[in-house]
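Q: Provided below are the primary sequence and the corresponding predicted coordinates.
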Amino acid sequence: MDLKNEIMTLSVLTCPNCGNQKEEEMPTDACQHFYTCKNCNFFLKPKVGDCCVFCSYGTIPCPPKQIEKKCC
């Protein structure tokens with residue numbers, strides 16, 4: 001069984017500032033540390049203890065977390 005085939009790469013990010021939701025493609029080989037909301041231009045950073053914006057504000061954790069690799 002190939003783990004790469006089981007990794008989900010789409011996640012819906014929810015902006016904590018305006019509540020806008022946007023489905024985004026996650027990088028499979030790294031964590032995404034920053035994201036700018038497409039609606040209000042709010043600059044998202046990971047919450048303390050999270051490795052990336054997808055783990056903090058997404059519906060699906062980042063691929064490195066999904067396969068339980070140490071995140072960036």
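A: On my side now, so go ahead.
Q: And what about the spatially most central residue of the chain, helix, strand or coil?
A: By C-alpha atoms, centre = their mean, the chain has its centre lying nearest to Phe54, at 1.6 Å. Of the three states, Phe54 takes helix according to DSSP: H, G, I helix; E, B strand; the rest coil.
Q: residue contacts, the nearest residue to it once chain neighbours are set aside?
A: Distances taken as C-beta to C-beta, 6 or more residues apart in numbering place Cys62 nearest to Phe54, at 4.5 Å, with adjacent residues excluded. No exception for glycine: its C-beta is placed from N, CA and C like everyone else's. Cys62 makes contacts with 11, 26-27, 31-32, 51-52, 54-55, 71, as judged by C-beta atoms under 8 Å, 6 or more residues apart in numbering.
Q: There's contact between the residue nearest to the centre of the chain and Pro61 in this structure, I believe.
A: Yes: here Phe54 reaches Pro61: they are 6.3 Å apart, a contact under C-beta atoms under 8 Å.
Q: list the contacts for the residue nearest to the centre of the chain?
A: Taking C-beta under 8 Å, 6+ apart, we find Phe54 in contact with 11, 13, 24, 26, 31-32, 60-62.
Q: Let's see if you can find the most crowded of these.
A: Ranked by neighbour count (other C-beta atoms under 10 Å), the contacts of Phe54 have Cys62 at the top, with 29 neighbours.
Q: Next, work out how far apart that one and Val53 are.
A: Using C-beta to C-beta, to the nearest Å, Cys62 is found at 9 Å from Val53.
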